[in-house]
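1. I'd like to go over a predicted model; first the sequence, then the structure.
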Number of protein chains: 2
Amino acid sequence: MSQEMMRGHLDGLVLAVLIGGPAHGYGLIEALRDRSGGFFDLPEGSVYPALHRLERSGLVASGWSEVGGRRRRVYTLTASGRRAAEQRQSEWRSFSAAVERVFANPGSGQGGTAGAVTS
Amino acid sequence: MSQEMMRGHLDGLVLAVLIGGPAHGYGLIEALRDRSGGFFDLPEGSVYPALHRLERSGLVASGWSEVGGRRRRVYTLTASGRRAAEQRQSEWRSFSAAVERVFANPGSGQGGTAGAVTS
DNA sequence: GTCTACGCCTAGGCTTTCTAGGTATGAGCC
DNA sequence: GGCTCATACCTAGAAAGCCTAGGCGTAGAC
């Protein structure tokens, strides 16, 4: 449903969730599903690589934990990760506003740009 | 600035512009730049392949025109293209709303999901 | 004669996401 | 004991989309 649209936004969404506190991969998937009202139901194969990517970039740090006999890798925002999260959100607002302007604009057309179509 | 975020949204934006009337590639780039307040300044290498893609999908139809000694390929929305344009916009609204929900939600955290970090 | 704006095009590479698998624990059920 | 489900991690490879970096050509200004 929204697979194609995720491009370039996953990292920002993950960082946004981590602003609320540390989380592990599986829980992050649930958090995104819950927060989005079920709209984002991301496969593990998307989220785990994204987390590894963010860790390589220094935006999150991870540590192992054990809960109920199951090991978890818990991710926490770093200082630069927090800055990145805020920047991503402001970029999103700009992007979203720009898209809305394009959608809203009802033509803006001079009407004469097309010329005569010959075939 | 917004290169990564375009993924999956370009087609919808192009279709949105074409709702206002036929346009050619070069003019479409200008229209997107103008309508978005300069935010979308797309390279030709993005827009022309997108138009060809849309034409292959049957969402737009093209015809050649000549204006001032310069040839233009003018693109027009087909019937299914118009439907697709509207659908894209409604999908955008859903997507945008879901992103906003994720950004707005201030934790929603139980706080106890992380467990004790051991290393 | 050169430069800029207009106007079209494509090949190749990069990045990101998804598909489709794999491993392992704990709990509930028969 | 076996089965299944939810939890929890991981990766290789394919698929797709956009950008970079070029190419071609006309018209008009300087």
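-> Nice, I can see it. Residues are numbered from 1 along each chain as shown, chains lettered A, B, ... in the order given.
2. ranges for the strands of chain A?
-> In order along the chain, chain A carries the following strands (DSSP state E): A:23-24, A:60-67, A:70-77.
3. Which elements pack onto the first one?
-> Packing contacts for strand A:23-24, counted by 3 or more CB pairs under 8 Å, 6 or more residues apart in numbering or on different chains; DSSP states H and E, involve strand A:70-77. Every residue, glycine included, has its C-beta placed from N, CA and C.
4. And the strand it packs on, what's buried?
-> Applying a neighbour-count criterion of 16 or more other CB atoms under 10 Å in any protein chain shown, the buried positions in strand A:70-77 are A:R72, A:R73, A:V74, A:Y75, A:L77.
5. do the same with stretch A:16-25
-> For stretch A:16-25, by 16+ other CB under 10 Å, it's A:A16, A:V17, A:L18, A:I19, A:G20, A:G21, A:P22, A:A23, A:H24, A:G25.
6. Which residues of chain A lie near DNA strand D?
-> By the rule CB under 7 Å from any atom of the strand, the part of chain A lying against DNA strand D is A:4, A:7, A:24-27, A:44-45, A:48-49, A:51-52, A:67-68, A:70-74.
7. filter the residues you listed by proximity to DNA strand C?
-> If you filter these for contact with DNA strand C, counting by CB under 7 Å from any atom of the strand, you are left with A:R7, A:E44, A:G45, A:P49, A:G68, A:R70.
8. With chain B as the reference, measure out to the first one.
-> Spelled out, that is A:R7. In this structure, A:R7 and chain B are 3 Å apart, going by CB to the nearest CB, to the nearest Å.
9. need the contact list for that residue.
-> Contact partners of A:R7, counting by CB atoms under 8 Å, 6 or more residues apart in numbering or on different chains, are B:E4, B:M5, B:R7, B:G8.
10. before we move on, what about the fifth one?
-> A:G68 sits next to no residue when contact means CB under 8 Å, 6+ apart.
11. Where does the prediction get shaky in chain A?
-> Residues of chain A meeting the criterion pLDDT under 70: A:1-2, A:107-119.
12. one more time with 80
-> A:1-3, A:105-119 (pLDDT under 80).
13. How about the residues of it by DNA strand C?
-> Counting by CB under 7 Å from any atom of the strand, the residues of chain A near DNA strand C are A:3, A:6-11, A:42-46, A:49-50, A:53, A:68-70.
14. Out of those residues, which end up buried?
-> Applying a neighbour-count criterion of 16+ other CB under 10 Å, the buried members of the residues of chain A next to DNA strand C are A:M6, A:G8, A:H9, A:L10, A:D11, A:L42, A:A50.
15. any chance you could map the helices in chain A?
-> Ranges of helices in chain A, per DSSP state H, are A:10-19, A:25-35, A:44-56, A:79-104.
16. is chain B contacted by the third one?
-> No. Applying CB under 8 Å from any CB of the partner chain, one finds helix A:44-56 out of contact with chain B, separated by at least 12.6 Å.
17. Distance from the chain centre to that helix, please.
-> With CA atoms, centre = their mean, to the nearest Å as the basis, helix A:44-56 stands 12 Å off its chain's centre.
18. re the thing from before, most neighbours per residue, which of the helices of chain A?
-> Across those, averaging neighbours per residue (mean count of other CB atoms under 10 Å in any protein chain shown) puts helix A:10-19 on top, at a mean of 22.
19. What is that one packed up against?
-> Under the contact definition 3+ CB pairs under 8 Å, 6+ apart, helix A:10-19 sits against helix A:25-35, helix A:44-56, strand A:70-77, helix A:79-104, helix B:79-104.
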